[in-house]
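>>> Please work out how this folds:
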Amino acid sequence: MDLKSVLLNLQCELVAERNTVNPKEISWLQYDILFQLTKEKETLPSQLSLILGVSRTKLSKSLKSLKEKGYVIQYPNSQDGRELYTSITEEGISLLQDISKKHDHLYNIASKVMSEKEQEEFIRLSRKISEELRKDRLANP
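A predicted model of the protein is given here:
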């Protein structure tokens with residue numbers, strides 16, 4: 001297999017794995033929003049839209065639902081009242097922790113089939129690709 005085929009296959013497998021732990025209560029976009037908010041602490045929807053590669057309209061609908069469920073809070077930007085800072089709530093963090101427990105299967109498989117040295121290399125290479133994908137997405141909205 002060439003690199004392109006391997007990357008596409010890995011992406012398909014990770015999506016399939018992700019679907020087995022679907023939280024039902026929220027969509028995967030909403031999960032991604034919550035997960036991103038754990039890294040960013042608070043952010044503007046315009047930034048979230050770029051980071052996640054989704055339209056502002058789609059993001060707004062997901063944020064509205066997350067807000068109604070009590071998983072995020074929003075408050076006005078003091079410089080521009082039209083934009084709202086968004087943060088994850090304790091309830092949102094708790095939901096992510098519950099979902100995270102279900103992701104242990106993926107971790108267990110990976111740690112079983114890779115040596116410690118292979119895991120370190122996989123981590124390094126995955127970070128390298130992830131960082132470049134994110135940088136490219138943010139540079140080319």
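
>>> elements contacting the longest helix seen in the chain?
Using DSSP state H to define each element, the chain has its longest helix at helix 116-139. On a contact count with 3 or more Cβ pairs under 8 Å, 6 or more residues apart in numbering; DSSP states H and E, helix 116-139 meets helix 45-52, helix 104-113. (Each C-beta comes from the backbone N, C-alpha and C, glycine too.)

>>> What angle do helix 116-139 and the longest one make with each other?
With axes from the mean of the first three to the mean of the last three Cα atoms, to 10 degrees applied, the angle from helix 104-113 to helix 116-139 works out at 130 degrees.

>>> Not counting helix 104-113 itself, show me its contacts.
14, 17, 20-21, 119, 122 (Cβ atoms under 8 Å, 6 or more residues apart in numbering).

>>> just the CA coordinates of that helix, formatted as PDB?
Backbone C-alpha positions of helix 104-113 (Å, rounded to 0.1, in the frame of the first residue of the first chain) are rendered in PDB as follows:
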ATOM      1  CA  ASP A 104     -10.000   3.000  25.900                       C
ATOM      2  CA  HIS A 105     -10.600   0.300  23.400                       C
ATOM      3  CA  LEU A 106      -8.700   2.200  20.700                       C
ATOM      4  CA  TYR A 107      -5.800   2.900  23.100                       C
ATOM      5  CA  ASN A 108      -5.700  -0.800  24.200                       C
ATOM      6  CA  ILE A 109      -5.500  -2.000  20.600                       C
ATOM      7  CA  ALA A 110      -2.800   0.500  19.700                       C
ATOM      8  CA  SER A 111      -0.700  -0.300  22.800                       C
ATOM      9  CA  LYS A 112      -1.100  -4.000  22.200                       C
ATOM     10  CA  VAL A 113       0.100  -4.000  18.600                       C
END
